[in-house]
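Model the following, please.
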Amino acid sequence: MDVSGLQLRLLNGFELDSAGEAVRLPMSAQRVLAFVALQDSPLQRPYVAGSLWLDWPEQRAYANLRSALWRIHRCGLPLVNAVGQQLSLDRGVVVDVRELEALARRALAGTPTAILEPEWSLFSGDLLPDWYDDWLVLERERYRQLRLRALDALCARLTDAGRFDDALAAGLAAVAGEPLRESAHRAVIRVHLSEGNVGEAIRQCCLFRRLLREQLGIEPSARMDELMAGLDIQETVR
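Next up is the predicted model:
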């Protein structure tokens, strides 16, 4: 099998491609591959076994790991490197979440939006949303927060550049990712105000106020009040 172009996709579900051809792996092998792919450095076998089979006896968990690694090796692709007790993802495997994390960090660092195009629009979807493994909780939240912060930053910079359509798309993507995130709503409101759409800005603010009251029983922060200062908001939310 041609091993060029190994692509591992973990956003919106697990998918492995080799030169455009889908590669099928059993669930145990998928879990090991995903776990290793999300780490920045090589991992010790006992750590991988204990993390993936948390409630299993140590020897059984270790046996499960050996079986999963054998299944990965059986597919004939260079996916996981095993050197002694250490496991690591092969450098030839491109992981979508890793690429988007790097893109998000560039966005937060102030890289010009022109350089980020068109990739920034790919900030959508969650990390393996149909998996319920305990170890994924922190990984999923870490990526979600990074993605939302990057969208906030992109929305602000696109607004400053006068690219209101793109700015609104980025801002609304952040709102969709977390409807109770005030910074995302403020970013969207700034887009509307920059375009002179005061009515849309007020509508967005009222929407956020209603969401906070209904879901959390609180009011927006003083930063929202400062943003909307001077506008005649006829509050219709009770």
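
Wait, a strand at residue 16?
Yes: assessed with DSSP: H, G, I helix; E, B strand; the rest coil, residue 16 lies in a strand.

Tell me the pLDDT of it.
For residue 16, the pLDDT comes out at 97.

ok, what's across the strand from it?
For residue 16, the beta-bridge partners under DSSP bridges are residue 8.

any idea how far it is from residue 111?
29 Å (CB to CB, to the nearest Å). Yep, even glycine has a C-beta here, placed from its N, CA and C like the rest.

swap in residue 31?
The value you get for residue 31 to residue 111, if CB to CB is used, is 34 Å.

repeat for residue 211
32 Å.

Buried residues in the longest helix seen in the chain, which are they?
Secondary structure of the chain per DSSP state H: the longest helix is helix 136-160. The neighbour-count check on helix 136-160 (16 or more other CB atoms under 10 Å) flags 136, 139-140, 143, 146-159 as buried.

repeat for stretch 34-53
34-38, 43, 45, 48-53.

from those residues, which single one is nearest residue 183?
Comparing the buried residues of stretch 34-53 against residue 183 with CB to CB places residue 38 closest, at 25.8 Å.

so where is this structure shaky, pLDDT-wise?
1-4, 113-122, 232-238 (pLDDT under 70).

Which parts of it are strands?
6-9, 15-18, 21-22, 43-44, 80-83, 86-89, 93-95 (DSSP state E).

Now the second one: buried residues?
Using 16+ other CB under 10 Å as the burial criterion, the residues of strand 15-18 that qualify are 16, 18.

That strand - contacts with which helices or strands?
strand 6-9 (3 or more CB pairs under 8 Å, 6 or more residues apart in numbering; DSSP states H and E).

follow-up on the earlier one: how about the strands of the chain in a markdown table, adding distance to residue 224?
Shown next, in a markdown table, are those (distance: least, CB to CB, whole Å):
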| stretch | distance to residue 224 |
| --- | --- |
| strand 6-9 | 37 |
| strand 15-18 | 40 |
| strand 21-22 | 46 |
| strand 43-44 | 43 |
| strand 80-83 | 48 |
| strand 86-89 | 43 |
| strand 93-95 | 37 |
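
Okay, domains of the chain per the record?
6-91, 95-228 (automatic domain parsing).

Now do the contacts for the spatially closest residue to residue 140 that is not a sequence neighbour.
Spatially, and ignoring its direct neighbours in sequence, residue 140 is nearest to residue 127 (4.5 Å; CB to CB, 6 or more residues apart in numbering). Shown in contact with residue 127 (CB atoms under 8 Å, 6 or more residues apart in numbering): 10-11, 97, 136, 139-140, 143-144.

Could you pull out the helices in the protein for me?
So, for the chain - with DSSP H - the helices run 27-37, 45-52, 58-74, 96-109, 113-116, 136-160, 164-177, 182-195, 198-215, 222-228.

end-to-end on stretch 68-86?
15 Å (CA to CA, to the nearest Å).

got the contact list for that stretch?
Contact with stretch 68-86 is made by 1, 3, 6, 18, 23, 25-26, 28-29, 31-33, 36, 42-46, 87-90, 92-93, as judged by CB under 8 Å, 6+ apart.

Now for the closest residue to residue 29 other than its chain neighbours, how many residues are close by?
Nearest non-adjacent residue to residue 29, counting by CB to CB, 6+ apart: residue 71, 4.3 Å away. Neighbour count for residue 71, taken as other CB atoms under 10 Å: 17.

about what we covered before: make a ChimeraX selection of the buried ones in the contacts of stretch 68-86.
Selecting the buried subset of the contacts of stretch 68-86 in ChimeraX, with 16+ other CB under 10 Å as the burial test, is done by:
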select :6,18,23,25,28,29,31,32,33,36,43,45,87,88,89,93
